[in-house]
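>>> Provided below are the primary sequence and the corresponding predicted coordinates.
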Amino acid sequence: MKLFDVYPLFPVNIVRGKGCRVWDEQGTEYLDLYGGHAVISIGHAHPHYIEAINRQVSEIGFYSNSVINRLQQQLAERLGKACGYEDYSLFLINSGAEANENALKLASFHTGRSRVLSAAKAFHGRTSLAVEVTNNPKIIAPINANGHATFLPLNDLEAWRTELQKGDVAACIVECIQGVGGIQLATAEFMQGLRKACDETGTVLICDEIQCGYGRSGKFFAHQHLGIRPDIITVAKGIANGFPMGAVLISPKFEAVYGQLGTTFGGNHLACAGALAVLDVIEGEGLVENAARVGEYLIKNLKEISASESGSAAARITDIRGRGLMIGIELDTPYKEIRNRLLFDQNVFTGCAGTNVLRLLPPLCLSVAEADEFLDKLQKVL
């Protein structure tokens, strides 16, 4: 048997990590500015995280959700305090796609409606409803093309208002910083106007914080830069630093109904132990504040590099977008050559979006010295 060939793989086998560094099987060291696709929030192999996982697996790694799990209750209390949503409820699952899937189902149960408004360039996952509200026809199978989603330009408030006034929309789902879409930022004016329009039409507002949340933007959630409170917040990726986990934060307007939602593995003991350790480190090491500080430093210096580039550069930076440690570097050429040269010539992992955007999603512990190292290597490649 062989692996189903769905990923274009780099010829690099990563076997070890520490902080913002990873090593391959030949011992080559890389600076990780991608964080395993925004998953590594507190850094690779953090000792407190390792200790928490090891201790938990030595006690009990899994039991079903038919019994009390105190770790789930502790996580709900800790997360509520950390993000400022202590009056919300928590539903734990295994991934970001599941989080969005359950959020959309909740909205539909609550409103009795079936249509969803989503943004152009949105990415919300690959399961049934989540992929249907993802603006990428290539990954929507015929069985998923059920006509529930209407895609509208991000920040075009009038377009969203017009659709909401039809009265048949269950939910609006928005990434306040689009990741796969190329680090496109929702504006405060748009999100505040959308919040008001949802209130007026009885529509559920969902903020997908799977990639942009959990401290990455320099606040706990990206929507907290914009002065709104969603009805539902979805999270995953950095919540457990690589242990598969997702969550839905649900406002008090929703009533829990036995049997309506469920999961086998969601919120298991190991996942909760990992997630609690992540909160310990985020709070104890000031990683949200670090993301804001180092991200601002990176963006400032990237803009200076862009302004100082010569006409003879191999590639030029045309735009810098982002908040905190979620940054898009738009180039005047396809990203592939620049990303590959960063990886194979300079030993730096970066991500990408669209055809010409480098995407930076490093661990939230990235230091100024590591940021300077990247800036120097990027200039060499450009």
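Received the coordinates, thanks.
>>> so where do the helices sit in the stretch 51-200 of the chain?
All helices of the stretch 51-200 of the chain, identified by DSSP state H, counting those that start in this stretch, fall at 70-83, 96-111, 128-132, 157-164, 188-201.
>>> could you say which of these is packed most deeply?
helix 96-111 (a mean of 24; mean count of other C-beta atoms under 10 Å). For the C-beta atoms, the positions are set from N, CA and C on the backbone; glycine is no exception.
>>> which strands or helices does that one pack on?
Where contact means 3 or more C-beta pairs under 8 Å, 6 or more residues apart in numbering; DSSP states H and E, helix 96-111 is packed against strand 89-93, helix 128-132, strand 169-174, strand 204-208, strand 232-235, strand 246-250.
>>> the inter-axis angle of it versus strand 169-174?
Put simply, helix 96-111 runs at 150 degrees to strand 169-174, going by axes from the mean of the first three to the mean of the last three C-alpha atoms, to 10 degrees.
>>> off-centre distance for helix 96-111?
17 Å (C-alpha atoms, centre = their mean, to the nearest Å).
>>> returning to what we had before: will you turn the helices and strands packed on helix 96-111 into a markdown table that also has distance to residue 187 and mean pLDDT?
A markdown table is the format used below for the helices and strands packed on helix 96-111 (distance: least, C-beta to C-beta, whole Å; pLDDT from 0 to 100):
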| stretch | distance to residue 187 | mean pLDDT |
| --- | --- | --- |
| strand 89-93 | 29 | 98 |
| helix 128-132 | 25 | 95 |
| strand 169-174 | 11 | 98 |
| strand 204-208 | 14 | 98 |
| strand 232-235 | 19 | 98 |
| strand 246-250 | 23 | 98 |
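>>> export the ones you listed to a markdown table and tack on distance to residue 190?
Converted to a markdown table, the helices and strands packed on helix 96-111 look like this (distance: least, C-beta to C-beta, whole Å):
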| stretch | distance to residue 190 |
| --- | --- |
| strand 89-93 | 27 |
| helix 128-132 | 22 |
| strand 169-174 | 9 |
| strand 204-208 | 12 |
| strand 232-235 | 18 |
| strand 246-250 | 21 |
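>>> which residue packs closest to residue 113, ignoring adjacent ones?
Leaving aside its chain neighbours, residue 113 sits nearest to residue 170 (3.8 Å; criterion: C-beta to C-beta, 6 or more residues apart in numbering).
>>> that neighbour: what's it in contact with?
Residue 170 makes contacts with 104, 107, 108, 110, 111, 112, 113, 114, 115, 116, 203, 204, as judged by C-beta atoms under 8 Å, 6 or more residues apart in numbering.
>>> 7 Å instead?
107, 108, 111, 113, 114, 115, 116, 203, 204 (C-beta atoms under 7 Å, 6 or more residues apart in numbering).
>>> just for the stretch 1-150 of the chain, where's the confidence low?
Applying pLDDT under 70 to the stretch 1-150 of the chain flags no residue at all.
>>> distance of the residue most central in space within the chain from residue 15?
Residue closest to the mean C-alpha point of the chain, counted by C-alpha atoms, centre = their mean, is residue 211 at 0.6 Å. Using C-beta to C-beta, to the nearest Å, one obtains 26 Å as the distance from residue 211 to residue 15.
>>> can you show me the strands along the stretch 1-150 of the chain?
Along the stretch 1-150 of the chain, the stretches classed as strands by DSSP state E, counting those that start in this stretch are 14-18, 21-24, 29-32, 89-93, 115-119, 149-152.
>>> out of those, which one sits most buried?
strand 115-119 (a mean of 23).
>>> need the helices of the stretch 51-200 of the chain in CSV (columns: distance to residue 48).
Shown next, in CSV, are those (distance: least, C-beta to C-beta, whole Å):
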stretch, distance to residue 48
helix 70-83, 14
helix 96-111, 24
helix 128-132, 32
helix 157-164, 43
helix 188-201, 35
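>>> domain parsing for the protein?
14-42+286-381, 48-284 (automatic domain parsing).
>>> could you redo those domains as CSV and give each row distance to residue 8?
Output for the domains of the chain, formatted as CSV (distance: least, C-beta to C-beta, whole Å):
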stretch, distance to residue 8
domain 14-42+286-381, 10
domain 48-284, 14
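>>> so which of those domains is nearest residue 4?
domain 48-284 (14.1 Å; C-beta to C-beta).
>>> what is the end-to-end distance of the closest one?
11 Å (C-alpha to C-alpha, to the nearest Å).
>>> could you report the neighbour count for residue 333?
By the other C-beta atoms under 10 Å criterion, the neighbourhood of residue 333 contains 14 residues.
>>> what are the ranges of the strands in the stretch 251-382 of the chain?
317-323, 326-331, 348-349, 351-353, 357-360.
>>> distance to residue 90 for the ones you listed - can I get that in TSV?
Below are the strands of the stretch 251-382 of the chain laid out as TSV (distance: least, C-beta to C-beta, whole Å):
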stretch	distance to residue 90
strand 317-323	25
strand 326-331	23
strand 348-349	32
strand 351-353	29
strand 357-360	29
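>>> low-confidence stretches in the stretch 251-382 of the chain?
310-312.
>>> where exactly do the helices run in it?
With DSSP H, counting those that start in this stretch as the criterion, the stretch 251-382 of the chain has helices spanning 269-284, 287-308, 335-344, 368-381.
>>> can you list these in TSV and add distance to residue 46 and mean neighbour count?
Converted to TSV, the helices of the stretch 251-382 of the chain look like this (distance: least, C-beta to C-beta, whole Å; neighbours: other C-beta atoms under 10 Å):
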stretch	distance to residue 46	mean neighbour count
helix 269-284	6	22
helix 287-308	10	18
helix 335-344	24	17
helix 368-381	16	16
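>>> quick revisit: can you check which of the strands of the stretch 1-150 of the chain gets nearest to residue 331?
strand 29-32 (19.4 Å).
>>> and the closest one, what does it pack onto?
With contacts defined as 3 or more C-beta pairs under 7 Å, 6 or more residues apart in numbering; DSSP states H and E, the packing partners of strand 29-32 are strand 21-24, strand 348-349, helix 368-381.
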